[in-house]
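Novice: Here's a sequence, model it:
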Amino acid sequence: MRTAKTISITLPPDMLSLAQACAEREHRTMSELFREALRRYMAGDGEWDALLSRTRARGAALGMRNEADVERLSDEFRQARRK
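Specialist: Numbers count the residues shown, from 1 in each chain. The predicted structure follows:
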């Protein structure tokens, strides 16, 4: 008994060509390629959200408000590390 269901997706021609080339290069079927892409996409959301939450909280605790603050702290860290 088959446990998988067949679905149909629509891709622009250039994306299809890239996907086919990727599948061929990795010796995968298109189904394997898309299953792996979907697994990574679904698993990544929670991890990314958790990372953003942690880094935003840490940034706020350090008083960082914008990218200039990040750059300044990065420069300070690198200078201290060189000494």
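
Novice: Below-threshold pLDDT in this protein: ranges please.
Specialist: In the prediction, the chain carries no residues with pLDDT under 70.

Novice: Mind checking which residue lies nearest the centre of it?
Specialist: residue 44 (6.3 Å; CA atoms, centre = their mean).

Novice: Report the secondary structure state of that one.
Specialist: helix (DSSP: H, G, I helix; E, B strand; the rest coil).

Novice: ditto for the one 3 residues further on
Specialist: At residue 47 the chain is in helix, as set by three-state DSSP.

Novice: So it versus residue 54, what's the distance?
Specialist: Residue 47 sits 11 Å away from residue 54, going by CB to CB, to the nearest Å. All C-beta spots, glycine's among them, are computed from the backbone N, C-alpha and C.

Novice: Residue 18 now?
Specialist: In terms of CB to CB, residue 18 sits 33 Å off from residue 54.

Novice: ranges for the helices of this protein?
Specialist: 13-25, 30-61, 67-82 (DSSP state H).

Novice: just the CA coordinates of the first one, formatted as CSV?
Specialist: Extracted in CSV, the C-alpha atoms of helix 13-25 (Å, rounded to 0.1, in the frame of the first residue of the first chain):
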residue,chain,number,x,y,z
PRO,A,13,10.7,27.8,-16.5
ASP,A,14,14.0,29.2,-15.2
MET,A,15,13.3,27.9,-11.7
LEU,A,16,12.5,24.5,-13.1
SER,A,17,15.7,24.4,-15.1
LEU,A,18,17.7,25.3,-12.0
ALA,A,19,15.9,22.6,-9.9
GLN,A,20,16.5,20.0,-12.6
ALA,A,21,20.2,20.9,-12.8
CYS,A,22,20.5,20.7,-9.0
ALA,A,23,18.7,17.3,-8.8
GLU,A,24,21.0,15.9,-11.5
ARG,A,25,24.1,17.3,-9.9
